[in-house]
Each structure stands twice: as C-alpha cells, then as structure tokens.
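In: After the sequence you'll find the predicted model.
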2 protein chains.
Amino acid sequence: MEITTNKEKFTNALYLESGRILEPYEIAYETYGTLNEDKSNVIVVCHALTGSHHAAGRYDGDRKTGWWDDMIGDGKPIDTSRYFVICTNVIGSCFGSTGPTSLMYPVSRPYRLKFPVITVKDMVRAQRSLFSRLGIEHVHAVIGGSMGGMQALHFAIDFPGFADKIIALATTHATSPWAIAFNKVSIEAIRNDPAFEDGNYDLDKMKEQGLTGSAIGRMGGHISFLSPHSMERKFGRDYVAQDGLFELFGRFEVERYLDYNGYNFPKWFDPLSFLYIAKAINIYDLSRGHDGLEEALKKITADLHLISFESDMLFFPWEMKHIADTMTRIGQGARCTYDNIDSDYGHDAFLVEVDKFRHHIEAVLA
Amino acid sequence: MEITTNKEKFTNALYLESGRILEPYEIAYETYGTLNEDKSNVIVVCHALTGSHHAAGRYDGDRKTGWWDDMIGDGKPIDTSRYFVICTNVIGSCFGSTGPTSLMYPVSRPYRLKFPVITVKDMVRAQRSLFSRLGIEHVHAVIGGSMGGMQALHFAIDFPGFADKIIALATTHATSPWAIAFNKVSIEAIRNDPAFEDGNYDLDKMKEQGLTGSAIGRMGGHISFLSPHSMERKFGRDYVAQDGLFELFGRFEVERYLDYNGYNFPKWFDPLSFLYIAKAINIYDLSRGHDGLEEALKKITADLHLISFESDMLFFPWEMKHIADTMTRIGQGARCTYDNIDSDYGHDAFLVEVDKFRHHIEAVLA
C-alpha cells in the first residue's frame, strides 16, 4: 500500500456557517493506494473527534498504526489495491489542518480563543475545496464513524452529486442532549482548570505537562465510548494489586485505565482543539438550514448506508434508525440501508470490532 | 403525620470493616408517624449517596420537601398513619451523622482525610446500633433505592432476623466498573481542584463558594441519573435564548441544567463526604466476606423484593435480575420477587416516578 502525507495551503477565504471567514487555511491529509487515470476510484474516509488524517499504516518508529488500519489496506474492506483513499484532518483539529493553535494571519500569534466556531458542515466544505484542488470532483464513496459519520452525512446533503455511496457508522442526525452532556463535563473541566489560562497556556509545555481538566473530561468521554458490558469484560471489579481496598484513593483497574488514558490525553490532543470540535459536534444538526430533517434528507442522491451498534452509549441505534425511517417516509427508502450490529462493545465498536461489520462495507463498495 | 428530628451519640466503638474504629459517633435521624406499643410497626427507609435523614415532610421555610415525600406520609405507599418510619443519615455523610467533617475526638479538629474509609456494611451496622438504642430489635420492612437499596440488601444478609421484608430499588449486588467510572470522574475532579487543598479547605466557605471540581463531577453524575430519553424530553436541543449558537461557550438548555445543578452541589453537599461515600459505593460488594454471592444470599430469611427500572443507566436492570436469578438457583426463589418497571426516566425514576411502582410497595407492605 502506497501512503503519502501532504498538506495543502489555501489563500482564498473559507466562508463559515457562523458568518465568519477562515483565511488562509491549510488542510493536512493522507492518501493510501493509487489514483487511477480517470480518477474514478476515490474513497474519502472521515475521522472522529480526536482522530486525524493518519487513518492507516504505521509511521517509522510508531508503536500504533492509523486509527482504522483494520479497515484500510490491500485486501482489507476498503481495499487500497483497488481504491485511492483520502483522509483529511478536519479544520479545528491539531494535527496539521488549521485550528485554534494555528498562527492567525498576519499577526503570527496562535488564534487560541479568537478562532471562529466551526461546524461539521464547515469541515466538509473545507475538504471539498481540497478535493477540487486535487482535481477530484466525484468519488466512489465517503465513509466515516462518529463525527466522521456526521461528515459523511453532510457530504450527502451538501454536495449531492459528489459521492455515489455514503456510509455513516455510529453517528446521528443531530447531537442529543445526552451526548452534549458528556461534552459539557469536558468543556467545564478544561475551561475552569487554572492552567488553561483562558486558552493562553504554553502550547509546547502542554505536550509534556498535560492539563488536569482535559484529563478529567476525557475520563467522562471514555465512559461514553465503552459500554457496561465491555467494561465488565475488560475490568470487572479487579482492584489494583498494590492499592489497598480501604485506602480512600485506592483504585479499581477501571480507574487505572481512566487515569492512564485521561492524563495522557492532553499530551497528544490539544485542549483548545477539543473545545472547538466538541462545540462543532454539539451544534451538529443536519436539519439546520432546511425546513426540518425531511427536507435535508430529500437532497440526497447517493446511496446511503447506515450502521449502528447495539450497545453504543453515545449515539444510540434509534438515532440512526430515525434517519432510515425518515428516508423511507420521504420516498427515499430505496436508496437507504440500515443495519444495527450486534455488539456489546459500545461506541468504539466502529473502531475495534471491524470484523462484525466488514461484510457490510465490502458489499456496499463492491 | 408526626415528624421528629433527633440525634443520638454513641460513646462505644463502631468496629469498621476496614479494621479501624469510629469512636465516638453520632447518628442523625428522622421519624414519621407513631411507634405502636409493641414496636411492631417500624419501617426503615435508607437514603442514597447525597440523600439525608430528611426523607419526608417540609421544614419551615424550605421550598422542597424530603427526598421521598411522594412515598412517605399519611395514606401514601409507606403509610405513616399505620407505620412508624425511621430514616437515618449514614455515617460518612454531612447532615449530622459522623463523617469526615466531624470533629475527631479528642483533638477537636475535623477528621478530613484522616476519616477512615467506611463501607455500606458499616453504615448498616451503625444504624442497627441506633435501633437497639431505641429498643427496636425487629422491623416490618427495610426499603431503599440506589445506595439505599445496597443498605437494604446488607440488612437482609448481615441481620437476617431483623426485618420481615426487604425492598431494594434501582441498585445492584456489587458496584459495576461502569458506575465506578462515573464516580472516578468526580473523585479526580475534586481531589485535583487546587481549592480542595488536600481536604483542608474552609468548611464554612465551601457552603458559599463551592468547589469547581465537585461541580464538574456532579455534572457527570447527573448524566448517570437521567437517561437519553428523559434528557430528550426535558431539554431536547433547546438552546439558551440569550446565548449565541456560534459562541464557543454558548449553551444548550441541558448545559444550563448541568451548570445549575453542578455548581450548586458543593454548596449543599460536602466534597469530603462525597469522596467517602463514593468510595463506600465503589467497594460495595454483597459477596465480600462470603464464598461468593450465592453464599451471601443464602443467609437471607426475609422476603426480598427487587425493583429495577428499564432505563436506569447507573444500575442496570440485569444487575437486579442477577440477584433474583441467584436467589432462584439457591432455592430461595419463593421468598424473592423481581419487577422491572417500564420507565424511560433513568436511575432517578425511583425518586420521581413513584406512581409507576407504588402498587408494588403497597402490595408488599400490606
């Protein structure tokens, strides 16, 4: 599998849904496989909140592969021996595309809290500009899970002719108050941490020292990524061997897991980017700008494939089913499939239980 | 309904499960109704994590009634025209019973982090001492929800002859890693807040100023008390009218609810007490000290009535069902009933949807 990592700079303005503009802006992206001559073999992969454009393969010296390496590669469900796969880092993120830690032209200071609020629709419009720059005006499929699924659905509605197939996993049509509440814990924990300094923290030191507030929010996030059953299987009531059961701060293994993943989080994911992307997720609503969800979904001309996971505790199966039911009600049923995958892993199933739904992806792409 | 509020002081030692002792200790309690001559009409009500002995009625000048006022009173399911109801504040709490903010005899300084870790079993043993002091060696029923249900189950196992009937609602046989994870968010948020000062904060100022860490943890707690459906019904995606959709810190109504309840929480519930009671809940496991859950449940001689709520996101219905199934497997099925209430309110259903299960309570107590 051929992998390239690139960055494109745009000097024109990106007009944001908020009415503000982003100018200039950059988009970091990776590609896997080879673009064919008539550019007809493109698949766009969209990442989730804390994901990046590094979706597959392994960088030299890295322990971990890209976040969807089980899915993308030669002979894998998104088969790079046939398809040319592109994954871009969303605007607002911290892995190369323009976000709140980027320099604010022309002053050469980071935006920080002066960065404009962006939406999932904006993320998609920015990606569309990149594809035009690359001469790609039409793709075989757009696919993504969680916030990646939100992007896939926006591609379907905002650029109806762009993709033949849209595959959205573990996502929703509009973020529920339940999911917003989890983000709220993170937002409050970050902005109230004195070391956040109203967004003026030292960006480099953050990567060494972390930020307690961001860690605490992430612990809440991990609850929503798992499920009662997956936690039971992973940890049960195992207690950390060197801790005392009757020590006030003695820990169960699940607490050690949350400590590890929580306190590491701000060292690899910037807290300002977290705030902006969480906001984009909170205000995500496919019906905004339309007379309701039905009017939005009427615009879809691609084949729409929806996949939910039975135990998803962040975006519940009935949210995906609501999209499918609405498609049927508006006479779009023939172009829509909906599958609920029997998994007890929770929201993260779309990342870690690829074997449970790979046949759906293979069937759609075939 | 006659209401009394009292406090009893014990100068003997309370031997704790940890091996430590509490000496002296006090227990605050309320009673409702009238004790009959042969003391045969007693019902014990047990409160949840942040509850208190003020279970019913209204104090002069208070806006709110006790936490289970829908349940306890003349003509109510726990009918105070027939029964003499006692509710005690658990040790570790901050409403009058001995806890981490109590003075540590003989030094006259609050215990703070020197308070011993207590367990739900300890809470129950302390209550049992109070009942002996009051000349009550046998009661008609013990009833409680959430941590109150844990206490009810401990009464059943640790004091088999004490109650004729045990009613446990919205609880479990051993706290799951899922529930521990929610407590973890609170524990880390509290202990890492600089204003917590390793437990040495000014106790009076706390009631005015609050503690951000405790507030943030409580927001996570509120997620676990509700359900996706109850949040949808309560808040939907309503946005706070005076906030801007594209303001980074603009809020949905669900966020305003969490702000309000979160930031108020440390003003009425002490953070040290929270840490100790959360710890007691985390290490709660009916099987501890027995060769497994079966051996523990074999000790029960009371009639056991278990009630779960379909949408409870903290203690899931299958956890209660597991107790009922185990009772059946060990030949105790005849003395156990299990009902799962069709509610989409979440864990708090045991507090707010009394009409959905009052007939069960009335039938058991009749």
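Out: Thanks, I have it.

In: From now on I want contacts and neighbour counts done on CA atoms only, so please keep to that.
Out: Noted.

In: Can you show me the strands along the stretch 101-250 of chain A?
Out: A:103-104, A:109-110, A:139-145, A:163-169 (DSSP state E, counting those that start in this stretch).

In: Among these, which comes closest to chain B?
Out: Closest approach to chain B among the strands of the stretch 101-250 of chain A is made by strand A:109-110 (16.6 Å; C-alpha to the nearest C-alpha).

In: For the closest one, give me every contacting residue.
Out: A:100-104 (C-alpha atoms under 8 Å, 6 or more residues apart in numbering or on different chains).

In: starting at the chain centroid, how far to stretch A:180-199?
Out: Distance of stretch A:180-199 from the chain centroid (C-alpha atoms, centre = their mean, to the nearest Å) equals 20 Å.

In: Kindly apply the preceding question to stretch A:269-288 instead.
Out: 10 Å.

In: do that stretch and chain B meet at all?
Out: Yes - Stretch A:269-288 lies within reach of chain B by C-alpha under 8 Å from any C-alpha of the partner chain, at A:275-276, A:279, A:283.

In: can you check stretch A:337-346 too?
Out: No - using C-alpha under 8 Å from any C-alpha, no contact is recorded between stretch A:337-346 and chain B, whose separation bottoms out at 11.9 Å.

In: on that earlier part again, redo the contacts of strand A:109-110 as CSV? Include neighbour count and distance to chain B.
Out: Shown next, in CSV, are the contacts of strand A:109-110 (neighbours: other C-alpha atoms under 10 Å in any protein chain shown; distance: C-alpha to the nearest C-alpha, whole Å):
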residue, neighbour count, distance to chain B
A:100, 27, 12
A:101, 23, 15
A:102, 20, 17
A:103, 16, 19
A:104, 20, 17
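
In: need the residues you listed in JSON lines with distance to residue A:344 and pLDDT, can you?
Out: Formatted as JSON lines, those follow (distance: C-alpha to C-alpha, whole Å; pLDDT from 0 to 100):
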{"residue": "A:100", "distance to residue A:344": "36", "pLDDT": "98"}
{"residue": "A:101", "distance to residue A:344": "37", "pLDDT": "98"}
{"residue": "A:102", "distance to residue A:344": "39", "pLDDT": "98"}
{"residue": "A:103", "distance to residue A:344": "43", "pLDDT": "96"}
{"residue": "A:104", "distance to residue A:344": "44", "pLDDT": "94"}
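
In: Let me know the closest of the residues you listed to residue B:170.
Out: residue A:100 (44.0 Å; C-alpha to C-alpha).

In: Check the gap between the closest one and residue A:70 for me.
Out: Distance check for residue A:100 against residue A:70: by C-alpha to C-alpha, to the nearest Å, it reads 31 Å.

In: residues from the stretch 201-350 of chain A in reach of chain B?
Out: A:212-213, A:216-217, A:219-220, A:223, A:227-228, A:231-232, A:235-237, A:245-248, A:254-255, A:258, A:275-276, A:279, A:283.

In: What sits closest to whatever residue of the stretch 51-200 of chain A ends up closest to chain B if chain neighbours are left out?
Out: Closest contact between the stretch 51-200 of chain A and chain B, by C-alpha to the nearest C-alpha, is at residue A:178 (5.3 Å). In this structure, residue A:178 finds its nearest non-sequential neighbour in residue B:228, 5.3 Å apart by C-alpha to C-alpha, 6 or more residues apart in numbering or on different chains.

In: what about the one you found, neighbour count?
Out: 24 (other C-alpha atoms under 10 Å in any protein chain shown).

In: and chain A, what are its domains?
Out: Domains of chain A are assigned by automatic domain parsing as A:3-176+A:285-365, A:179-280.

In: now, which of the residues of stretch A:269-288 next to chain B sits nearest residue B:191?
Out: Nearest to residue B:191 among the residues of stretch A:269-288 next to chain B is residue A:275, at 23.2 Å by C-alpha to C-alpha.

In: That closest one contacts residue A:187, doesn't it?
Out: Yes - using C-alpha atoms under 8 Å, residue A:275 is in contact with residue A:187, at 6.2 Å.

In: can you give me the helices for the stretch 101-250 of chain A?
Out: A:120-133, A:147-158, A:177-192, A:203-209, A:212-225, A:228-234 (DSSP state H, counting those that start in this stretch).

In: Let me have those helices in CSV, adding distance to residue B:288 and mean pLDDT as columns.
Out: Listed next are the helices of the stretch 101-250 of chain A as CSV, based on distance: least, C-alpha to C-alpha, whole Å; pLDDT from 0 to 100:
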stretch, distance to residue B:288, mean pLDDT
helix A:120-133, 49, 98
helix A:147-158, 43, 98
helix A:177-192, 33, 98
helix A:203-209, 40, 96
helix A:212-225, 26, 98
helix A:228-234, 18, 97
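
In: most centrally placed residue in chain A?
Out: Most central in chain A under C-alpha atoms, centre = their mean is residue A:48, positioned 1.1 Å from the mean C-alpha point.

In: Quick check: most distant residue from the centroid of chain A.
Out: Farthest-out residue of chain A from its mean C-alpha position, per C-alpha atoms, centre = their mean: residue A:246, at 40.3 Å.

In: That one and residue B:18 touch, don't they?
Out: Yes - with contact defined as C-alpha under 8 Å, residue A:246 reaches residue B:18; the gap is 5.9 Å.

In: what touches both of the two?
Out: Counting by C-alpha under 8 Å, 6+ apart, the shared contacts of residue A:246 and residue B:18 are B:117-118.

In: Now do the end-to-end distance for stretch A:65-82.
Out: Taking C-alpha to C-alpha, the first and last residues of stretch A:65-82 lie 21 Å apart.

In: so how far is that stretch from its chain's centroid?
Out: With C-alpha atoms, centre = their mean, you get 17 Å for stretch A:65-82.

In: Same question for it: list its buried residues.
Out: A:66-74, A:77-80, A:82 (16 or more other C-alpha atoms under 10 Å in any protein chain shown).

In: phi, psi of the residue nearest to residue A:359 when sequence neighbours are not counted?
Out: Nearest non-adjacent residue to residue A:359, counting by C-alpha to C-alpha, 6+ apart: residue A:77, 7.7 Å away. Residue A:77 adopts backbone torsions of phi -50, psi -40, taken as degrees, to the nearest 10.

In: Was I right to think residue A:77 contacts residue A:364?
Out: No - when contacts are counted by C-alpha under 8 Å, residue A:77 is not listed as touching residue A:364 (9.9 Å).

In: quick revisit: how about the residue nearest to residue A:178, what does it touch?
Out: Residue B:228 touches A:176-178, counting by C-alpha under 8 Å, 6+ apart.

In: at 10 Å instead, please
Out: Under the criterion of C-alpha atoms under 10 Å, 6 or more residues apart in numbering or on different chains, the contact partners of residue B:228 comprise A:176-179, A:313-316, B:234, B:236, B:311, B:313, B:344-346.

In: First residue to last residue on stretch A:285-299, what's the distance there?
Out: End-to-end for stretch A:285-299, by C-alpha to C-alpha: 15 Å.

In: Show me what counts as buried in it.
Out: For stretch A:285-299, a neighbour-count test (16+ other C-alpha under 10 Å) marks A:285-287, A:293-294, A:296-297 as buried.

In: could those go into a markdown table alongside distance to residue B:111 and pLDDT?
Out: Shown next, in a markdown table, are those (distance: C-alpha to C-alpha, whole Å; pLDDT from 0 to 100):
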| residue | distance to residue B:111 | pLDDT |
| --- | --- | --- |
| A:285 | 50 | 98 |
| A:286 | 54 | 98 |
| A:287 | 55 | 98 |
| A:293 | 57 | 98 |
| A:294 | 60 | 98 |
| A:296 | 60 | 98 |
| A:297 | 61 | 98 |
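
In: Let me know the closest of those residues to chain B.
Out: residue A:285 (9.4 Å).

In: Next, that closest one: phi, psi?
Out: Here residue A:285 shows phi and psi, under degrees, to the nearest 10, equal to phi -160, psi 110.
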